[in-house]
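Asks: all I have is the shape, not the residue letters:
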């Protein structure tokens, strides 16, 4: 005889034969519950047999006395949720309070239906919170018992754990990839049978999620994923613009920070876009976790089901492709899949492969763009920028590889290399040239670099190795990175300043522009984004934003750098507003180290009137 090791048997026999059987079954790994014969079995009575039966079936049982309000929960019911026998009280709330928040209304409706006589028996699937903090899928069957007068007297039920069948994600309680693919396969089959059947898949990815884990820890990151999943579920359950969604949707977590949504029985393909917009608005609201206010956004790819698809993986692949297109277009948006995107994806994968080897092959170059004192026209410093000279593609524009480096994590070693190169350059200038004390070299730092646990130690070691004076170096951080984790970033900035480094907020005005946090950042400079500077006309139109940023900065004791200054008129207007510094093609394009050192030695002065005799205003333009 062979028995599965998980079996629980009840043996009702006395004497040596019973003992031998128990030993034999135990040796095979069985868990054996013994009920003796005769008077012993009668003494244990009905309750013992009931408990043992529920243990054998691995099914939890509850019995709700509707008159007294007391509920009996069996030992296995409690064990399924990770609790001991004394850890759960006998109240309805012991069950109802552990229901997944999005499913409480459904369960309440089922109970109401039993009580008011619409149904006598119910069978539902839902999620219940386990003691370990994760949700488990359970199947609950309930029966209403009435007294002789027909009034509800008791409600009894049986609960079984079906998590392994549902294939749920343990962190969020949502279905995972396997279950999602199964339901997507059913949609494909249904589409072949029904003319006009329409469904769509949304592929979602949180923007900058890794920064949350790096700066606040994985526990906060897990809580963020749970709350994001709950917000997504609430969005697809809304019925103000998309009909029939409450009955025909599946939200799943594929892993990491990726979620998918299956929308069935859509009346129009516009419904998927409306859901995507609703989700982006909901995720854009701040999250409050562990005392932190966290801002995030989501990029979404959309695919509408067509007869061209045969397998669920093909749809997920194309939805993923569309999602990455949304990220490439600036994040926090959605993109609808176009078959032409497949070619772009293949090229992008090849570029990512090449990028991994570019650092080893020394294919990157640092170029320097002048920063000019707008009040005197004199050179005030440079900004270090990185360029990639691909061996076969030639010059790869930053727009093609910086975002890719962010996504692959290569931005960290690349940024560290740029910082070291910049420090070596500044140290050499200080040794070999007489430059003003106010002369600065700015280096950009990505969100991933900024949140590295050892970033302060790395900066200190580079400063020590190169001998570069920290007070001549400015670290530029984009406004959006700072505002995602404002409190943590404020502490990190203070650490940078303790090294002697200066801090500039780059692209100011394009991110969250949360003025309530700005005073908490111990920064030195605001950089007006080029999109605002480029609007300034010769007559001074569209100058209001620049004027406001300059006034704000000065009120906070900060200096201002205007990016993207391209015309003498923009130069003149910004100088008139009191803007201290500017950079852009009006002065010079980014140049090689040899070019900028020649400019530094020449002591070039720019004037708003333009390129007068003897002035050098442009370096030779590198291929970009």
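Replies: On my side now, so go ahead. Model, not experiment: these values are computed from the prediction.

Asks: what sits closest to the residue positioned nearest the centre of the chain if chain neighbours are left out?
Replies: Here the mean C-alpha position of the chain is nearest to the C-alpha of residue 206 (CA atoms, centre = their mean), at a distance of 2.8 Å. Closest residue to residue 206 apart from its sequence neighbours, by CB to CB, 6 or more residues apart in numbering: residue 257 at 4.0 Å. Backbone N, C-alpha and C define where each C-beta goes, glycine included.

Asks: which residues in the stretch 451-600 of the chain form helices?
Replies: 455-466, 479-484, 486-498, 515-518, 530-533, 544-555, 568-576, 593-602 (DSSP state H, counting those that start in this stretch).

Asks: out of the ones you listed, which comes closest to residue 67?
Replies: Nearest to residue 67 among the helices of the stretch 451-600 of the chain is helix 486-498; the distance by CB to CB comes to 52.8 Å.

Asks: could you pull up the mean pLDDT of that closest one?
Replies: Mean pLDDT, helix 486-498: 87.

Asks: quick one: the helices in the stretch 1-150 of the chain, in order.
Replies: Using DSSP H, counting those that start in this stretch, the helices of the stretch 1-150 of the chain run over residues 16-27, 38-57, 75-80, 93-96, 104-115.

Asks: what pLDDT does the residue nearest to the centre of the chain get?
Replies: Residue 206 is given a pLDDT of 94.

Asks: quick one, what contacts it?
Replies: 224, 225, 228, 257, 283, 296, 297, 298 (CB atoms under 8 Å, 6 or more residues apart in numbering).

Asks: tell me the pLDDT at the fourth one?
Replies: Spelled out, that is residue 257. 92.

Asks: what about it, neighbour count?
Replies: A count of nearby residues for residue 257, using other CB atoms under 10 Å, gives 21.

Asks: mind checking how far it is from residue 286?
Replies: 17 Å (CB to CB, to the nearest Å).

Asks: show me where the stretch 351-500 of the chain has strands.
Replies: Under the criterion DSSP state E, counting those that start in this stretch, the stretch 351-500 of the chain carries strands at the ranges 364-373, 379-390, 394-396, 440-444, 473-478.

Asks: of these, which approaches residue 264 most closely?
Replies: Short answer: strand 473-478, nearest of the strands of the stretch 351-500 of the chain by CB to CB, at 39.7 Å.

Asks: just the residues contacting that closest one, thanks.
Replies: The contact list for strand 473-478 (CB under 8 Å, 6+ apart) reads 381, 383, 422-423, 426, 440-445, 447, 450, 489, 493, 496, 501-507, 511, 524-525, 527.

Asks: one step back: could you dump the helices of the stretch 451-600 of the chain into CSV and include mean neighbour count and distance to residue 166?
Replies: Shown next, in CSV, are the helices of the stretch 451-600 of the chain (neighbours: other CB atoms under 10 Å; distance: least, CB to CB, whole Å):
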stretch, mean neighbour count, distance to residue 166
helix 455-466, 16, 42
helix 479-484, 22, 34
helix 486-498, 17, 36
helix 515-518, 13, 42
helix 530-533, 19, 48
helix 544-555, 17, 52
helix 568-576, 20, 61
helix 593-602, 15, 61
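
Asks: what's the least confident stretch among those?
Replies: Looking at the helices of the stretch 451-600 of the chain, the weakest mean confidence is helix 515-518, a mean of 64.

Asks: kindly list the longest helix within this protein.
Replies: Determined from DSSP state H, the single longest helix within the chain is helix 411-432.

Asks: just checking, what packs against it?
Replies: Secondary-structure packing of helix 411-432 (3 or more CB pairs under 8 Å, 6 or more residues apart in numbering; DSSP states H and E): strand 364-373, strand 379-390, helix 398-408, strand 440-444, helix 447-450, helix 455-466, strand 473-478, helix 593-602.

Asks: for stretch 584-591, measure first residue to last.
Replies: As for stretch 584-591, its first-to-last residue distance stands at 12 Å under the measure CA to CA, to the nearest Å.

Asks: buried residues in that stretch, which are they?
Replies: 584, 586, 587, 588, 589, 590, 591 (16 or more other CB atoms under 10 Å).

Asks: any chance of the helices and strands packed on helix 411-432 in TSV with distance to residue 79 as columns?
Replies: Formatted as TSV, the helices and strands packed on helix 411-432 follow (distance: least, CB to CB, whole Å):
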stretch	distance to residue 79
strand 364-373	59
strand 379-390	58
helix 398-408	44
strand 440-444	55
helix 447-450	44
helix 455-466	46
strand 473-478	51
helix 593-602	70
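
Asks: quick revisit: looking at the helices of the stretch 451-600 of the chain, which is nearest to residue 331?
Replies: Per CB to CB, nearest to residue 331 of the helices of the stretch 451-600 of the chain: helix 479-484, 9.1 Å.

Asks: flag the shaky bits of the stretch 351-500 of the chain, pLDDT-wise.
Replies: Applying pLDDT under 70 to the stretch 351-500 of the chain picks out residues 484-485.

Asks: do the same with the stretch 151-300 of the chain
Replies: If you take pLDDT under 70 as the line, the stretch 151-300 of the chain has these spans: 237-248.

Asks: what segments of it are strands?
Replies: Under DSSP E, counting those that start in this stretch, the stretch 151-300 of the chain gives strands at 152-161, 200-206, 249-255, 258-263, 287-289, 292-294, 298-304.

Asks: for the first one, packing partners?
Replies: If you count contacts as 3+ CB pairs under 8 Å, 6+ apart, strand 152-161 packs onto strand 60-65, helix 75-80, helix 104-115, strand 135-146.

Asks: now mean neighbour count, mean pLDDT and distance to residue 374 too, for the ones you listed, in CSV please.
Replies: Shown next, in CSV, are these (neighbours: other CB atoms under 10 Å; pLDDT from 0 to 100; distance: least, CB to CB, whole Å):
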stretch, mean neighbour count, mean pLDDT, distance to residue 374
strand 60-65, 19, 91, 74
helix 75-80, 19, 90, 70
helix 104-115, 14, 90, 61
strand 135-146, 18, 89, 58
